[in-house]
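everything below, folded, please.
(one chain, ligands or ions: 2)
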Amino acid sequence: MCRIIAVANQKGGVGKTTTAVNMGASLAAAEKTVLVIDSDPQANATSGLGVDAGSLALSVYDVIIGSVPARDAIVPTELTYLDLLPAHRDLTGAELELVSAERREMRLKEALDPLRASYDFILIDCPPSLGLLTLNALCAADAVIVPLQCEYYALEGLGRLLETVEMIREGMNPALAVDGILLTMYDSRTSLSDQVAREVRENFAGRVFKAVIPRNVRLSESPSFGKPAILYDVRSRGSQGYLELAREYLETAP
Ligand code: ATP
Ligand code: MG
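Residues are numbered from 1 along each chain as shown. Ligands and ions are numbered 1, 2, ... in the order given. As a prediction, this is how the structure comes out:
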């Protein structure tokens, strides 16, 4: 059975893309079939998986706006079990074009339904906003994972995101679950990271992954080589963090 997971937080730079790419790669390393969908016009997941957006004939834009079958836009990655539905900068226009479209929140869901039979997991990398691209991801998803950076103001905006999830649950997607909050960029050398982690675990007891992603330079270097961290330096603490997250997820997710 396929599980579609939106990696969402409207706050920028909290580790959404790093999580979509590296959790995807870690699940693929466990021989689960995985599709990463880059639903952000910044196209960071696309370049981070070694795909040159400029050379693409089709992208998620054509799927959402042009009703091109998602299968036609999917490309392979260096990992056998990991595929990518890439983004292109033209996706910026999609948000505007969608405003007047029919069933505008359901475009991605309708595009992904035929893929459910082909993948164990589909991870959607969302942009840093609560606009129509994120709404499409939340309507298509079975669950959301929320990366939270272990920094000041980590919880900022989380309330609004959870309200949005609740609103979608009450209307368009009643089964949408929050699979968990993921603590990212944890720095064991600072007491701040510890404080934030403790505060988040107190406020969201039982909804925070045990696995914590450390701040690790290998995670920020690997995208410039077009590789997930496990193909760049599997022994790095960053890679190990995401492998641990994947293990935990496979043990605990429904
Ligand atoms: P945006 O909101 O712009 O889409 P994002 O939430 O997708 O950002 P990322 O792009 O994953 O965030 O991460 C932001 C920056 O921090 C990137 O340069 C990334 O390489 C780096 N980064 C992410 N996670 C870590 C980490 N655990 N350790 C070190 N650097 C990290
Ligand atoms: Mg991103």
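
quick one: neighbours of Glu170, just the number.
10 (other C-beta atoms under 10 Å). Where you see a C-beta, it was placed from the backbone N, CA and C, and this is true even at glycine.

I misspoke; the intended subject was Gly206.
6.

can you mark which positions in the lowest-mean-pLDDT helix or strand in the chain are buried?
Least confident helix or strand, the chain: helix 91-99 with a mean of 89, by mean pLDDT, DSSP states H and E. Of the residues in helix 91-99, Leu91, Ala94, Glu95, Leu98 count as buried by neighbour count, 16 or more other C-beta atoms under 10 Å.

and what of stretch 199-213?
Going by 16+ other C-beta under 10 Å, stretch 199-213 has these buried residues: Val200, Phe204, Val208, Phe209, Ala211, Val212, Ile213.

any chance of the residues you listed in CSV with secondary structure and pLDDT as columns?
Shown next, in CSV, are the buried residues of stretch 199-213 (DSSP: H, G, I helix; E, B strand; the rest coil; pLDDT from 0 to 100):
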residue, secondary structure, pLDDT
Val200, helix, 93
Phe204, coil, 93
Val208, strand, 97
Phe209, coil, 98
Ala211, coil, 98
Val212, coil, 97
Ile213, coil, 98
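
pLDDT averaged over the helix or strand containing Leu161, what's the number?
For Leu161, the host element (DSSP states H and E) is helix 158-170. Computed over helix 158-170, the mean pLDDT rounds to 94.

is ligand 1 within reach of it?
No. Counting by C-beta under 6 Å from any ligand atom, ligand 1 is not contacted by helix 158-170; separation bottoms out at 12.4 Å.

make 517 the first number, not 1, from now on.
Understood, numbering begins at 517; the last thing we discussed is helix 674-686.

so, low pLDDT: which residues of this protein?
Counting by pLDDT under 70, the chain contains no low-confidence range.

on that earlier part again, CSV for the buried residues of helix 607-615, including distance to ligand 1?
Formatted as CSV, the buried residues of helix 607-615 follow (distance: C-beta to the nearest ligand atom, whole Å):
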residue, distance to ligand 1
Leu607, 12
Ala610, 16
Glu611, 14
Leu614, 19
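
how far does the helix holding Leu677 sit from its chain's centre?
Mean-position distance between helix 674-686 and its chain equals 17 Å (C-alpha atoms, centre = their mean, to the nearest Å).

so how far is stretch 624-638 off the chain centroid?
That offset, for stretch 624-638, works out to 15 Å (C-alpha atoms, centre = their mean).

give me the contact list for that stretch.
The contact list for stretch 624-638 (C-beta atoms under 8 Å, 6 or more residues apart in numbering) reads 517-521, 540, 543, 548-553, 555, 579-580, 583, 585-587, 599, 619, 640, 652-653, 655-656, 689.

any chance you could map the strands in this structure?
Taking DSSP state E, the strands of the chain run over residues 519-523, 550-554, 591-592, 598-601, 637-641, 659-665, 693-700.

to ligand 1, which of the ones you listed lies closest?
When these are compared by C-beta to the nearest ligand atom, strand 693-700 sits nearest ligand 1, at 5.2 Å.

wait, does that closest one make contact with ligand 1?
Yes. On the criterion C-beta under 6 Å from any ligand atom, strand 693-700 is in touch with ligand 1 at Thr700.

run through the residues of the chain sitting next to ligand 1.
When proximity is defined by C-beta under 6 Å from any ligand atom, the chain lies next to ligand 1 at 528-534, 556, 558, 560, 644, 700-701, 729, 731-732, 735-736, 739, 754.

and the buried ones among the residues you listed, selectable in ChimeraX?
Of the residues of the chain next to ligand 1, the buried ones can be selected in ChimeraX as follows, counting by 16+ other C-beta under 10 Å:
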select :530,531,532,533,534,556,558,560,644,700,701,729,731,732,735,739,754
